[in-house]
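[1] predicted coordinates and the sequence they were generated for:
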Amino acid sequence: MSKLTLPVRLALLVAGTMLPLIVFAVGLAYSNYRQDRSEATRRVLETVRSMRLVLDSEVQRMTGGLQVLALGDSLQSGDFDGFRRLAVEFTSQYGGDSVLLLADRSGQQLFSTVTTEAASLPPRNNREIVERVFASKAPQYSDLFVGSTEKRPIVTVEVPVLRNGEVAYALSFSPPIAIFQKLVEQQRPNDQWTVSLLDTKARVFARTPNPAETFGKQASGALYDAMSHTPEAALSTVSLDGVALSSAFTRSQLTGWTVVAGVSESSLVAPLWRDIAITSLIGGILLLVGLTFAVRMATTIARGEMLHNLLIEELNHRVKNTLALMQAIAVQTFRSASRDERTKFEGRLGALAEAHNLLSQEKWAGSELRDVIARALQPFLLSNHDRIRMAGPAVPLSPRLAVVLSMIVHEIATNAAKYGALSNETGRVTLDWEVIADAPKPRLRLIWTETGGPPVTAPVQRGFGSRLIERSARDQLDGEATVDFLPRGVVCTVICTLDEAP
């Protein structure tokens, strides 16, 4: 009997030694699950914030284009036939379903890209937003409603057309809903996620998955209640498809629309069961090979967690740098909170967002100087693509240089649109650049030259835009910027030290 009991005793001894390790491994798997769930919640919140920036950037681009159209001579003089060419050119960027129209204070349509017969145009269905444009003298963004001309659900971007400081018309643009649908599909991390765009009444106008079945439906339950109390939160919800989600939402301060995203609870629990199954298998192996294998495995897991944490820290570093730059701009611009300064801030923020969009497309590996300049100047080229001539070699830029140069070019172009060569119909701009290689590090010299604009007079004092250009060139680009107010037009020269693009 002793020959039988000794193996059993040895087996019990090994089991007694290894079972606590197996229990510990299961506990570790559960702890990792709790940690992963917490990180998943943070990831969902970061995802909706990132999507909100992308949405705001796209809407700001539309708004900027409309504001440029609103300042054109054809609208200012009431020449609707002359305005039609610019309107059609603007809508062609967004596809055939887009509509641009003009309405008076009563909501009567005076112009539409749908038809040239102005007399047959019906009154606008959404009178409320027209009244808001006339009352606020600022851009407005609508909820989902049925358009009076096309008889289909739309959302609109509205800007005022000002004459002598008063609103003459409401310029309305209804982009294709497919633009927003494409945005949520592109931003969706994987098929375990549900992503939606909701208007201020919590109605869905873009969603994935099942966009057709949920379009126009209102959020319900915990999500609707939370949205009515706070502009941003993370919570557990049940989707319109009946799927349990770990969700988050954030409301855009620009449009009032809300971005909602959630990952299915089942996808979060599945790794726990997978880890427990793997742990059980490992436990069986541990009964055979002993503690050494467990120690090696724990070391591998620790290394994996270290790499994961390093990646998260790098992502947070990028986001914090971006937020710090946005905060600095806001503090300077809103120091004396006037309407003009708010408009300037929105333009600067739009330029920053466009630069970040370009860098995101390139996976933050840098970008080409010509692409950065073209993005920054896009709103100023709608009426005439030939007004700004660009010439220079291909220059790769690091992410830091791309963002700062985009802001500088935006400031120069904004000043030209208000006071310089882009403020009339005859002005022209030449933008030349070259790389200077006679220094320890190569330097970029960029020259903005205006001709044909109004007579030039040097300002009595420098504004924030001029200080932004000079300080950005000096402090962030390790260079300098000069502005010469010559009789024939302004000449701005920016010199900066080039980094190696990653």
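    Perfect, I can see it now. Residues are numbered from 1 along each chain as shown.
[2] low-confidence ranges in the stretch 201-350 of the chain?
    268-277, 279-281, 283-284, 286-350 (pLDDT under 70).
[3] which other helices and strands does the helix or strand residue 410 falls within contact?
    Element membership of residue 410 [criterion: DSSP states H and E] is helix 399-418. In terms of contacts (3 or more C-beta pairs under 8 Å, 6 or more residues apart in numbering; DSSP states H and E), helix 399-418 is packed against helix 339-361, helix 369-377, strand 443-451, helix 464-471, strand 489-497. To be clear about C-beta, it is placed using only N, CA and C from the backbone, and glycine gets the same treatment.
[4] average pLDDT for that helix?
    Taken as a whole, helix 399-418 has a mean pLDDT of 82.
[5] thinking again about what came up before, need the least confident one among the helices and strands packed on helix 399-418, by mean pLDDT.
    helix 339-361 (a mean of 51).
[6] buried set for the helix holding residue 410?
    Within helix 399-418, the residues that count as buried by 16 or more other C-beta atoms under 10 Å are 399, 401-417.
[7] and for stretch 185-205?
    For stretch 185-205, by 16+ other C-beta under 10 Å, it's 187-188, 192-200, 202-205.
[8] all helices in this structure, in order from the N-terminus.
    2-70, 73-76, 80-92, 127-136, 177-187, 211-214, 221-227, 265-289, 291-333, 339-361, 369-377, 399-418, 464-471 (DSSP state H).
[9] and the second one, average pLDDT?
    Right, the one you point to is helix 73-76. For helix 73-76, the per-residue pLDDT averages 88.
[10] report the buried residues of it.
    Result for helix 73-76 [16+ other C-beta under 10 Å]: buried residues 74, 75.
[11] what does that helix contact?
    69, 79, 80, 82, 83, 86, 102, 161, 163, 169, 171, 425 (C-beta atoms under 8 Å, 6 or more residues apart in numbering).
[12] for stretch 109-126, same thing?
    80, 83-84, 87-88, 91, 98-104, 106-108, 130, 142, 145-150, 156, 169, 172.
[13] of the residues you listed, grab the buried ones for PyMOL.
    Buried residues within the contacts of stretch 109-126, by 16+ other C-beta under 10 Å, are selected in PyMOL with:
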select buried, resi 80+83+84+87+91+98+99+100+101+102+103+104+107+130+142+145+147+148+149+156+169+172
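[14] for residue 45, give me its contacts.
    Applying C-beta under 8 Å, 6+ apart, the residues near residue 45 are 232, 234, 248, 250.
[15] try 7 Å this time
    234, 248 (C-beta atoms under 7 Å, 6 or more residues apart in numbering).
[16] measure it to residue 119 for me?
    In this view, residue 45 and residue 119 are 52 Å apart by C-beta to C-beta, to the nearest Å.
[17] surely residue 392 and residue 430 touch.
    No - applying C-beta atoms under 7 Å as the test, residue 392 and residue 430 come out as separate, 10.8 Å apart.
[18] any idea how far residue 155 is from residue 176?
    From residue 176 over to residue 155 (counting by C-beta to C-beta), the distance is 10 Å.
[19] out of those two, which sits in the busier spot?
    Neighbour totals were compared for residue 176 and residue 155, and residue 155 leads with 24 against 16 (other C-beta atoms under 10 Å).
[20] wait, isn't the more buried one in contact with residue 204?
    No - Residue 155 is not in contact with residue 204 according to C-beta under 7 Å; the separation is 11.5 Å.
[21] how about residue 487, what does it touch?
    Neighbours of residue 487 in contact, by C-beta under 7 Å, 6+ apart: residue 456.
[22] would you confirm that residue 373 contacts residue 409?
    Yes - using C-beta under 7 Å, residue 373 is in contact with residue 409, at 5.6 Å.
[23] returning to what we had before: show me the contacts of stretch 109-126 that map onto strands.
    99, 100, 101, 102, 103, 145, 146, 169, 172 (DSSP state E).
[24] just name the closest of those to residue 221, please.
    When those are compared for distance to residue 221 (C-beta to C-beta), residue 145 wins out at 24.4 Å.
[25] now the closest one: how far from residue 207?
    For residue 145, the distance to residue 207 - C-beta to C-beta - is 18 Å.
[26] ok so, going back, pLDDT check: weakest of the contacts of helix 73-76?
    At the low end of pLDDT for the contacts of helix 73-76 is residue 425, which has 84.
[27] so what's the residue most central in space within the chain up against?
    For the chain, the residue nearest the mean C-alpha position is residue 54 (2.1 Å; C-alpha atoms, centre = their mean). Residue 54 makes contact with 183, 187, according to C-beta under 7 Å, 6+ apart.
[28] what does residue 175 give?
    Contact analysis of residue 175 by C-beta under 7 Å, 6+ apart lists 62, 94, 98.
[29] residue 379 too?
    64, 65, 68.
[30] and the closest residue to it other than its chain neighbours, what's its pLDDT?
    Of all residues not flanking residue 379 in the chain, residue 64 sits nearest, at 4.1 Å (C-beta to C-beta, 6 or more residues apart in numbering). Residue 64 carries a pLDDT value of 94.
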